Each structure stands twice: as C-alpha cells, then as structure tokens.
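>>> kindly generate the corresponding structure for this input.
(3 chains)
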Amino acid sequence: MLELRLVQGSLLKKVLEAIKELVNDANFDCSSTGFSLQAMDSSHVALVALLLRSEGFEHYRCDRNISMGINLNNMAKMLKCAGNDDIITIKADDGSDTVTFMFESPTQDKIADFEMKLMDIDSEHLGIPEAEYHAIVKMPSAEFARICKDLASIGDTVVISVTKEGVKFSTKGDIGTANIVLRQNTTVDKPEEATVIEMNEPVSLTFALRYMNSFTKATPLSSSVTISLSSDLPVVVEYKIAEMGYIRFYLAPKIEEDEDETKP
Amino acid sequence: MLELRLVQGSLLKKVLEAIKELVNDANFDCSSTGFSLQAMDSSHVALVALLLRSEGFEHYRCDRNISMGINLNNMAKMLKCAGNDDIITIKADDGSDTVTFMFESPTQDKIADFEMKLMDIDSEHLGIPEAEYHAIVKMPSAEFARICKDLASIGDTVVISVTKEGVKFSTKGDIGTANIVLRQNTTVDKPEEATVIEMNEPVSLTFALRYMNSFTKATPLSSSVTISLSSDLPVVVEYKIAEMGYIRFYLAPKIEEDEDETKP
Amino acid sequence: MLELRLVQGSLLKKVLEAIKELVNDANFDCSSTGFSLQAMDSSHVALVALLLRSEGFEHYRCDRNISMGINLNNMAKMLKCAGNDDIITIKADDGSDTVTFMFESPTQDKIADFEMKLMDIDSEHLGIPEAEYHAIVKMPSAEFARICKDLASIGDTVVISVTKEGVKFSTKGDIGTANIVLRQNTTVDKPEEATVIEMNEPVSLTFALRYMNSFTKATPLSSSVTISLSSDLPVVVEYKIAEMGYIRFYLAPKIEEDEDETKP
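Got it, this is the predicted structure:
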C-alpha cells in the first residue's frame, strides 16, 4: 500500500507542468526513500530525473517498492483540478492497476478524488554517476528562462561559454547573431538573485535551444537554477524543489559541425 | 415607445455574455413589469429565462408590451463597446424595426449610440410552473464553475448527488474517474461563500457537462448560484442579478443508460 | 561611425511595436539632428514618419549621415530581447553592412549585443509641407484606441466629424450603425485626460478603420494623441515621444461614394 500526503500540493502540479512537455509516459518509482522518476524524452535525446524525498511529505507510507506507469499528460490534467492551496495525497493499493489522487481544500470543505489507470511501461533505469564538472553556474531561474526564450527567437542552438568573469550565451540565425553575457554577481540583496560561477577550467558547449526551453518549464519550482558543464559530459540543468528534492535535466552537447560541411 | 435606463450598465453586458453562447436569436419581451427573455438553446435541449424587473432601472418607460427579435451575438458586440461604468439606455420607437443602445460615460464626456436592426423570430413562450424540488443547493458560483470545468477535462457528463451531508459531482472518462464532494458549510465569513443544502429526499441526476459549462458563463453576474434538483424535473441553475432579477437555466437530466447497452 | 545611447530603451521597443505592423522594410536615417524614418505602408496607402531628436539620447555620435535599410520585424524581434529597463545602444561602423543593438541591464550585470544584417532599400523621401488644418483634436490616446477598436467591430470605415462642441466618430455595417461623440473637456485633473478641440471650420472625413487601428499600436508611447484634419489633406495622427520626438501617421480620406453606386 502506498499513501503519500503532500501538504504543498502545488509542488506536484508544478512538477507535472515541468516534465509533461518532454516526456509522454513514464514510471514513477516509490520506495522508502522517496518518490522518483527517470525518463528519456520522446526523441531519446534528453533525460529527466525527479526526486521527492520521503521526508518532504507530511505522511509517507510505502510498504514495498512499486513502479507506476503513468501517462503524464493525463496525470497533469487531473492535477490541474487541484487548487493551488490543496493538500494532495497519492494512494495506490498493492497490486492495483489504478492510482488515486486526493485533493483536500485547506478548509476541508471540498474533497476530490481522481482515479487514473496505470500503464505498463518498459524502461531501464540508467545509473548516472556523480561527476566532476569543469564549470558550475548558479543563476536566477527566470533569467535563464528569459535568455533561452530570447535566443530561440534568433537561432536554434545556444553556445554556453564560461570563464571566470561570467557566462556567455550565444546564437546565430538567419536574421543575425546574439550574445548575452552575465557577470558573476554575488553582492545582491537576495541570494536567489545571485549569479555564481565555480570554474575549474573554461568550457564552451553547444546545445539545442528547443530542449533548453523545455527544461525552463520547471522555472516555477525554484528561483534559481544550476547548470553544470563539462566538455565530455551531458549538461545538467537542475531545479531544486523546496526542501525535498530536485528535477534534473540532462542533455548531450552538439558536436560542433565542421566549417567545411558543404564539401563532399 | 420604450426607454429603459440602467445605471449599472455592466449588468447588461454580463447578461449578454452569459447567454450568447447558448442562444443565437431570441425575443426580448418588455412589459410594465420588466425586461425579460425566454429561449431554447439552438439544439433545443436547454432553456434560458432572464428577468430584469422594472424597479431595477433608473428610468423605465414601456408604453405597451413589445417583443424585440434580436441576434444576441450582434447585441453582445454592441454592448462590448460600452464601458464598464457606463449607463446604458435601451430605446425603441413604436413600430420601429430598430433598437438603440445608448452608452453614457460617468462623466458624460462620451456618449455613444448604437442602432441595431430587429428580426422577426418565431417563438412560443413556455409556462414554467413553480415546482417543489427534492434538493436545493446554494453554493459559490465560482466554485460551481471550477467544478464543471475540471470535470469536463475528464468526462462528458456529471452526476450530481445530494445527501444531507453534502453534494457530490462525479464523472468518468477514458483516463479515469473523478468525484468532488462539497460539504454543507454555513460558518463562513461572507454569506456568499456558504454552501447550503436544503434536502427533502436524496437525489442523484446526470447532466451533460457541455451545457453546465455554458451556464457558468453567468458566473460574473452573481457570487452564488442555486441548483434545484428533482428526479422528475429539469434542473434549474439560477444566478440572481443584483436587486433586479435573475437568469435561470433549465436542463433535463440524462436518462441513465442501461449497463448492457452494448447488447443488441 | 554611429553610436546612439538611449537610456530609456523601452521607447525604442515601443516605436518598433508601433510601426512593424504597417511597414515591413524601411530606411532609418541618421544625421546630426536625429534618428528618423519615413516609410509608406506595404499597400502604399498610409505614411509613417518617426523622429527621435539627438538631444533625447544620452550619447549621440553620428559622424556622417547614413541610411540603414532594416527589416522591421527582425529588428522588433531583437528589441524584444531587451528588458524594459535596459539601456539600448545602436552602433554601426562606417561602411558596415550590419548594425548592432546593445542592451545593458540597469545593474550592468547583463550585457547583450545583437547584430543584424542591413538591406538595400529603395525609397524616396517625401517632403511633407507644414499645413493649416481645419480642425485639430487632442484626446487621450487610450480613448482613441478604444473607439477605433469598438467601431471596427461594427463597420469598416469611420467618419470623423468635428464641430466646436465635440468630435463624432461614426460607422455603419451589416449589423447596424454606431455614433460616438466626445465633448470638448479641459477641466480634468490630468492634462493628458483632456479632450481639446481647435477648430477653424467644421470638417467631416471618412477613413479606413483598418489603418486607424494600426496607428493605435503607438498608444503605449504617449498618453495623448493629436488628430489633424482638413478636407483636402491626409489626416495626421500624431503620438509625441517623451521629450524627444514623435511618430506621425498620414492617411488620405476616402472619397465618399455616390449614394447611387449600385447604378450602372
């Protein structure tokens, strides 16, 4: 039997909004440590990893590890019916092929339960090794979202270059080129407004803006985002979720095409 | 000659927004008692009844009963041109085939008049007898609108079930089922936030959500809605209009289909 | 070399939003006096004239007169990437076929530069003689925008008639007619809310609402608009830009069609 009670139900609503564009169907895995998900996007280019630790739930009962195959769009439809202040409880009986989402209004005057069929989804769980990154940029998540959106109006890819002084986002398209430079800045009033750069060595990598823009759907979850870059590893774009976990997006850099690509 | 001056002109704007989706053309009937309308929706399933009593107008002159055939979309287009604080006057000369809407800004610096052609519309006025209902639910109109919208994302019909403890709205669709229960609750700060249930006997009826969602276009007119249910009568969904009248929507329940409906 | 630094960068963003719907490609002309543009709309019916005087820029360097051919949609795309509080600098090297827009955030923590290709555009500069107008109406720009939008829901053309008492906007369409009268009104709290009529002789002219509605895209630039009318001249719809200049739209009146137009 599974029963997970999350007082700040809006977090779960935001989680679904953050990943449903990227992933259609996925297994949610529940164990005593937490509620998690790992899934490739539908074109098998990006990877999403979600963790909501058991300590973050008001009540967390998970008698044995289970994996629930869920269509994320349908789950998002149901969660949209929860009020932003509602308490959400996820319930599943052992061996059941359904999951129930219960929404309680703060005053307890409105109680809703939504029951959804589960699916069988084949998936293999990838081990993601801890890695050392050449550079880690922490910046306001809204600024990162704005930059990805702005650059996508000019080009299809973004080059992210990190030096000690700052991080540069560049693109090139039919109508011209764009460069946006953010300087390291830690003398801000609120820590979430800081741009902090930890750099071991300079790095410059190219990514598809389409994916970066999908990742920024997680912006409402956290006021800052952390981007970890190494020349030989997928970038990690991480949004912390309150005190309870994270969403991490992984995306392999594009190999810079040869300047002579038009030659045979 | 007809001349009706309504200081709170925004009420008339909201009335048109509330009914123009359901009804294309209808007769507005003016008599000494008030300005009213009764019309079936275009698929002849739901009925709308509107009453604005003469006392609610600052000036109400109606020399003889007249019936004005109006295309509601066109009338709504014209009323959209009135400011929300404008005074609206409806004018028609005897025997004229046009009606004029006059909009005066509160400062009287802007005066607009919009003249619209009238139409001949055949309609029979149904007598709607006063009835006893098994259950009458009064609830916040925004909550009712939210529930109808949420359920429509899951299924096509809603079962409304009333017991002494509360009212339950249920639906079923391809992706799962949903139940939303509101408890009777009269200990609220503002009376319009109360959910009040008057019940003579329990009742459970099924309705098309499409129509319920159309009815909720009247939500801006009133902070609460009254739903009157009897197993042998159409439901009445009523929105009071300030001190002057109401919009009532009538919809026959769906006959519960046989469980064996796939059999020949 | 050209280098124009505009502290209130949002003005340039609004200028582009105001004219990009009407004009696709145009030459921006820079001289020691200012940054200007004159262009016909793509159907060669309306004319736009923009002036931003050099004094309005924090820094204005223009070594020699140059004319930069620009696709306004592309320029608008780039300017949309500037924050509303950003300082915008326009830069071009002599003989270069590109222009650079630099955006600096108020804190200087974010610096962006967008480079755009220039185009060759044939254009002839029309001399617009100063003229005497029969009537000049100054009114709140939002009110003018509202009236043009409202009337366009009823008809295709607007008749603007000015008398000493006020200005009347009229239209006629399939669903009826509309007249909106604004009275001269100078006793308002804020001067920009005034409607001021200077009239030498009464005038009544007809214009296409489609163009008038395009002109009102300039509404965010100024809280009032000035409409100058003469029976033998194009109307001038002028929006002042802060302390630095204006956008003026010119549109020839429609010749009133003969009442007997259906005759052979």
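>>> CA only for contacts and neighbour counts going forward, please
Noted.
>>> which stretches in the stretch 51-200 of chain A count as helices?
Using DSSP state H, counting those that start in this stretch, the helices assigned to the stretch 51-200 of chain A run over residues A:72-80, A:141-152.
>>> what residues does the stretch 101-250 of chain A have near chain B?
Proximity of the stretch 101-250 of chain A to chain B is confined to A:109-117 under the rule Cα under 8 Å from any Cα of the partner chain.
>>> restricted to buried residues, select the residues you listed in PyMOL.
Buried subset of those, written as a PyMOL selection, criterion 16 or more other Cα atoms under 10 Å in any protein chain shown:
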select buried, chain A and resi 110+111+112+113+114+115+116+117
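>>> between the residues of the stretch 101-250 of chain A next to chain B, which is closest to residue B:229?
Of all these, residue A:110 has the smallest distance to residue B:229: 20.4 Å, by Cα to Cα.
>>> low pLDDT regions in chain A?
A:256-264 (pLDDT under 70).
>>> residues of it that sit close to chain C?
So chain A meets chain C at A:150, A:153-154, A:175-185 (Cα under 8 Å from any Cα).
>>> which among those end up buried?
Buried by 16+ other Cα under 10 Å: A:150, A:153-154, A:175-184, out of the residues of chain A next to chain C.
>>> now, the most widely separated pair of those residues?
A:175 and A:184 (29.5 Å).
>>> and for the nearest residue to residue A:119 once chain neighbours are set aside, the neighbour number?
Leaving aside its chain neighbours, residue A:119 sits nearest to residue A:69 (4.6 Å; criterion: Cα to Cα, 6 or more residues apart in numbering or on different chains). Residues near residue A:69, counting by other Cα atoms under 10 Å in any protein chain shown, number 21.
>>> show me where the stretch 101-250 of chain A has strands.
Shown for the stretch 101-250 of chain A, the strands assigned by DSSP state E, counting those that start in this stretch span residues A:110-117, A:135-140, A:157-162, A:166-173, A:176-183, A:196-199, A:203-208, A:224-229, A:235-241, A:245-251.
>>> ok and the first one relative to strand B:166-173, angle-wise?
The reference is to strand A:110-117. 20 degrees (axes from the mean of the first three to the mean of the last three Cα atoms, to 10 degrees).
>>> ditto for the last one
Taking the same axes, to 10 degrees, one finds strand A:245-251 and strand B:166-173 inclined to each other by 20 degrees.
>>> contacts only, for residue A:4.
A:57-62, A:89-91 (Cα atoms under 8 Å, 6 or more residues apart in numbering or on different chains).
>>> which residue is the nearest non-sequential neighbour of it?
residue A:60 (4.6 Å).
>>> from residue A:245, how far out is the one you found?
15 Å (Cα to Cα, to the nearest Å).
>>> these two - which one has more neighbours?
Shown here are residue A:60 and residue A:245; by other Cα under 10 Å, residue A:60 has more neighbours (22 against 19).
>>> pretty sure the more buried one is touching residue A:53, no?
No - between residue A:60 and residue A:53 there is no contact under Cα atoms under 8 Å: 9.6 Å.
>>> show me what the residue nearest to residue A:119 is bridged to.
residue A:27, residue A:119 (DSSP bridges).
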